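Novice: My questions are about this predicted structure, shown below with the sequence.
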Amino acid sequence: MKFLIVVASSRSDGNTAKLSHVIADSLQAEIIDLQNLSISYFDYQNRNKSDSFIPLIERIVSSDFVVFATPVYWYSMSAQMKTLFDRFTDLLTINKKLGRRLRGLSISVIATGTDEELPSSFKTQFELISDYLGLVYHEPLYCSCQEEFNFQQHQKTIQGYLSRISLQLL
């Protein structure tokens, strides 16, 4: 299986990135950090055709399983992740053929934040996006980090997530 992790955080070395590397090592996944790409905001006139969005989507649709990694900011995904998903509108309008290739793609979300549990508002947005686009949404992984990410503190939760992913893909 070809796994891809798309990291969307303001810090390329923050808690979400650290969690992403742990997951990537376990799944032998490629990591793409949105900080290293140039993805413009959605534009009704499609003046942003030459940015990094379409090449990223081509990498996404060529994967078997995509993990979107984002910190929880104000009970929601990061601005970088929101911009990426806003641009999915391009796949419903000017790049429909590429957009259709998303149907049936397995995805999940991994996140870090300071809340004890993952807010329901955070989960709901990914569930709705998945339903709308025909993505197969798998349960998220959330690690509450009051300070720095600590693998030992979250090891059992991470193992549970990886086991669920493995079982769901059989």
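Specialist: Structure's in. What do you need? Numbers count the residues shown, from 1 in each chain.
Novice: pLDDT of stretch 85-94, averaged?
Specialist: Taken as a whole, stretch 85-94 has a mean pLDDT of 95.
Novice: For the longest helix anywhere in the chain, C-alpha coordinates in PDB please.
Specialist: Longest helix in the chain, counting residues (DSSP state H): helix 151-168. Presented in PDB, the C-alpha positions along helix 151-168 are these (Å, rounded to 0.1, in the frame of the first residue of the first chain):
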ATOM      1  CA  PHE A 151       5.600   9.400  22.100                       C
ATOM      2  CA  GLN A 152       5.600   7.300  25.300                       C
ATOM      3  CA  GLN A 153       2.600   9.200  26.600                       C
ATOM      4  CA  HIS A 154       0.600   8.400  23.400                       C
ATOM      5  CA  GLN A 155       2.100   5.100  22.400                       C
ATOM      6  CA  LYS A 156      -1.000   3.000  23.300                       C
ATOM      7  CA  THR A 157      -3.300   5.400  21.400                       C
ATOM      8  CA  ILE A 158      -1.000   5.400  18.400                       C
ATOM      9  CA  GLN A 159      -0.800   1.600  18.300                       C
ATOM     10  CA  GLY A 160      -4.500   1.400  18.500                       C
ATOM     11  CA  TYR A 161      -4.900   3.800  15.500                       C
ATOM     12  CA  LEU A 162      -2.300   1.800  13.500                       C
ATOM     13  CA  SER A 163      -4.100  -1.400  14.300                       C
ATOM     14  CA  ARG A 164      -7.500   0.000  13.200                       C
ATOM     15  CA  ILE A 165      -6.000   1.200  10.000                       C
ATOM     16  CA  SER A 166      -4.500  -2.200   9.300                       C
ATOM     17  CA  LEU A 167      -7.700  -4.000  10.000                       C
ATOM     18  CA  GLN A 168      -9.900  -1.700   8.000                       C
END
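Novice: residues in contact with it?
Specialist: Helix 151-168 is contacted from outside by 18-19, 22-23, 26-27, 65, 106, 108, 110, 138-139, 141-143, using CB atoms under 8 Å, 6 or more residues apart in numbering. Backbone N, C-alpha and C define where each C-beta goes, glycine included.
Novice: Please repeat the previous calculation with a cut-off of 6 Å.
Specialist: 26, 138, 139, 141, 143 (CB atoms under 6 Å, 6 or more residues apart in numbering).
Novice: strands paired with the helix or strand in which residue 66 is found, and their directions?
Specialist: Residue 66 belongs to strand 65-71 when assigned by DSSP states H and E. Looking at strand 65-71 with DSSP bridges, its partner strands are strand 3-7 (parallel), strand 106-113 (parallel).
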